[in-house]
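J.: just a sequence and a predicted model for now, questions to come.
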Amino acid sequence: PDVIALAEVLEVFFATHDPTTEDRQGPDVGSQYRSIVLYDDEDQRDRVEAFVEDARADYDDPIVTEVEPLEAFWRAEEKHQDYYEKHPNQPYCMAQIPPKLEKLESELPAYLESR
């Protein structure tokens, strides 16, 4: 919370993925691609659930985002850290990331200007 508010994380998360597709994001399929928010305490859970409830009005299809307690955290391997920044010309990055950034820019321009 000293770096970014939970509400901002949720706004960016929902602006850059489809919370209505189960176990899928674009061409990627499998449970590792599900929409899920992991919370650290009951206050976070309540705020996430309220955000999801409010967001339902923005989607034609039901939101399937899971809201579950964080049980453990594993830092991604170094090769996955800042992947897009390190590999902007990788074909997958070129095909998948720009549309997400364009959507973010169109939906949250004030957020991006503040960063």
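T.: Structure's in. What do you need?

J.: any stretches of this protein with poor pLDDT?
T.: Residue ranges of the chain with pLDDT under 70: 110-115.

J.: could you pick out the longest helix of it?
T.: Scanning the chain for the helix with the most residues, using DSSP state H, yields helix 91-107.

J.: tell me the phi and psi of the closest residue to residue 18 other than its chain neighbours?
T.: Leaving aside its chain neighbours, residue 18 sits nearest to residue 25 (6.4 Å; criterion: Cβ to Cβ, 6 or more residues apart in numbering). (Each C-beta comes from the backbone N, C-alpha and C, glycine too.) Torsion angles at residue 25 (phi, psi; degrees, to the nearest 10) stand at phi -140, psi 110.

J.: again with residue 68
T.: Here is the backbone geometry of residue 68 (degrees, to the nearest 10): phi -130, psi 160.

J.: please name the bridge partners of it.
T.: residue 38 (DSSP bridges).

J.: got the contact list for it?
T.: Applying Cβ atoms under 8 Å, 6 or more residues apart in numbering to residue 68 gives the contacts 36, 37, 38, 39.
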